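**Student:** Model the structure of this input:
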Amino acid sequence: MPSIRDYLDLSTVEATSQWQAIRHRTPRPNGRQEPFTPVETLICLAASLVFNHRRYGGSTSHLAEEPIPTLARLFRRPNGSLIAKMGNLDGGLAHGAKHEVHVAATLLSTPAQLDATYRLILGAARQVGIGPVELPDFLNLEDDDELQLLGQEELTHSDLEAAVQDKVADLARKAPDLPERVTERLLMAAARVGQHRFARNVLQNHGHRCTFCGLRVKTGGLRAQRMLVASHIKPWRVSNSAERLDPRNGVAACPTHDVAFDTGLLTVDQELCILIQPEVQEAVLADPAVRSSFGRPPLPQRLLLPEGAAPPGRRYLDWHYAHVYQRVQASTTDHS
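**Tutor:** Numbering: from 1, shown residues only. Below is the predicted model of the structure:
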């Protein structure tokens, strides 16, 4: 069985050898599978940044979206095998290998190390002739800068600590041999990865442009994606686990309109009409700088959504109107 060092200190020579073995893999008798190699396990870990394995069970694994089907073909394994491995890595399965949880906690907590490991594995695959069709660069790092998790500006350390404490006992029951420090580190990392997936899904759903003013960036590359913010309509700290991951609880916005929305200067009603606080409307008439961001244009009457996009959920919009927009309106009235 591989040790922790076999994952964290993986060399190019070792990764190349493992890829060669995978390429020449043949089915074992009685349907048994070959043990996962470190490169397969690490690729599954990297895939967790773009794929939420918790959405699938044994009977639905065949429905898993990319990159799982492509990776499964490359590894000559069923989709369910990769999804189960992801469950091992996040401590969600009671029989998961302890050292794999340590590896996941380490790499997910240090994106720079995960970045370097992913690039090493991808480079080794290319050396043995495994191209982008067989093994796509699903993190888009081959021609981009270093890996950075999206949406992290919305998370505060205190919010993360509070969320983790609610789950420590549950994970400890599933993996009682894990040190508490590793458990907490893994849960903190899992929350950050979940936020990254949420932000990525919101940006994709909204066509990589600001839904308020239409500022658009190219869809490829993390540098361009960071020009927009995908934040929750109902904030992360007051949302439950499902709401935190729901793309319909998010809007893509440029930094200016993201702050305006978060602070209640703007809101969106159930008909997706953009509402502006009266004080901002007054400032638009008097200040050209304010007009350039909050006049009409650039703000349209309704939220800008690409054809086929899932609109923000009504219950989230209702929450924002009642708890953010109206609160600001009341505060302004009190001081007038």
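**Student:** give me the element the closest residue to residue 168 other than its chain neighbours is part of.
**Tutor:** Here the nearest residue to residue 168 in space, its sequence neighbours aside, is residue 183; by CB to CB, 6 or more residues apart in numbering that works out to 5.8 Å. C-beta: built from backbone N, CA, C; applies to glycine. Here residue 183 sits within helix 180-205, counting by DSSP states H and E.
**Student:** That helix packs against which elements?
**Tutor:** Here helix 180-205 is seen to pack against helix 98-109, helix 157-174, strand 229-232, helix 241-245, strand 250-253 when contacts are counted using 3 or more CB pairs under 8 Å, 6 or more residues apart in numbering; DSSP states H and E.
**Student:** Just the CA atoms of the second one, as CSV, please.
**Tutor:** I take that to be helix 157-174. Taking C-alpha atoms only, helix 157-174 is exported to CSV below (Å, rounded to 0.1, in the frame of the first residue of the first chain):
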residue,chain,number,x,y,z
HIS,A,157,-12.0,32.5,9.1
SER,A,158,-14.5,32.8,11.9
ASP,A,159,-17.4,31.7,9.6
LEU,A,160,-15.4,28.7,8.4
GLU,A,161,-14.5,27.8,12.0
ALA,A,162,-18.1,27.9,13.0
ALA,A,163,-19.2,25.8,10.1
VAL,A,164,-16.4,23.2,10.7
GLN,A,165,-17.3,22.8,14.4
ASP,A,166,-20.8,21.7,13.3
LYS,A,167,-19.3,18.8,11.3
VAL,A,168,-16.3,17.7,13.3
ALA,A,169,-18.3,15.2,15.4
ASP,A,170,-19.9,13.6,12.3
LEU,A,171,-16.6,13.1,10.5
ALA,A,172,-14.9,11.8,13.7
ARG,A,173,-17.6,9.1,13.9
LYS,A,174,-16.8,8.0,10.3
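**Student:** quick one: contacts of it?
**Tutor:** Applying CB atoms under 8 Å, 6 or more residues apart in numbering, the set of residues contacting helix 157-174 from outside is 91-94, 178, 180, 183-184, 186-188, 191-192, 236-237.
**Student:** show me where pLDDT drops low in the stretch 1-150 of the chain?
**Tutor:** Regions of the stretch 1-150 of the chain meeting the criterion pLDDT under 70 cover residues 31, 92-98, 144-145.
**Student:** what about 90?
**Tutor:** Low-confidence segments of the stretch 1-150 of the chain (pLDDT under 90): 1-3, 26-34, 54-55, 57-59, 87-102, 105, 109, 140-150.
**Student:** which residues touch the residue most central in space within the chain?
**Tutor:** The residue at the geometric middle of the chain, judged as the C-alpha nearest the mean C-alpha position with CA atoms, centre = their mean, is residue 197 (1.5 Å). The contact partners of residue 197, by CB under 8 Å, 6+ apart, come to 49, 50, 51, 52, 245.
**Student:** Can you pull the domain assignment for the chain?
**Tutor:** Recorded structural domains for the chain (assignment: automatic domain parsing) are 4-127, 152-334.
**Student:** With that, I have no additional questions.
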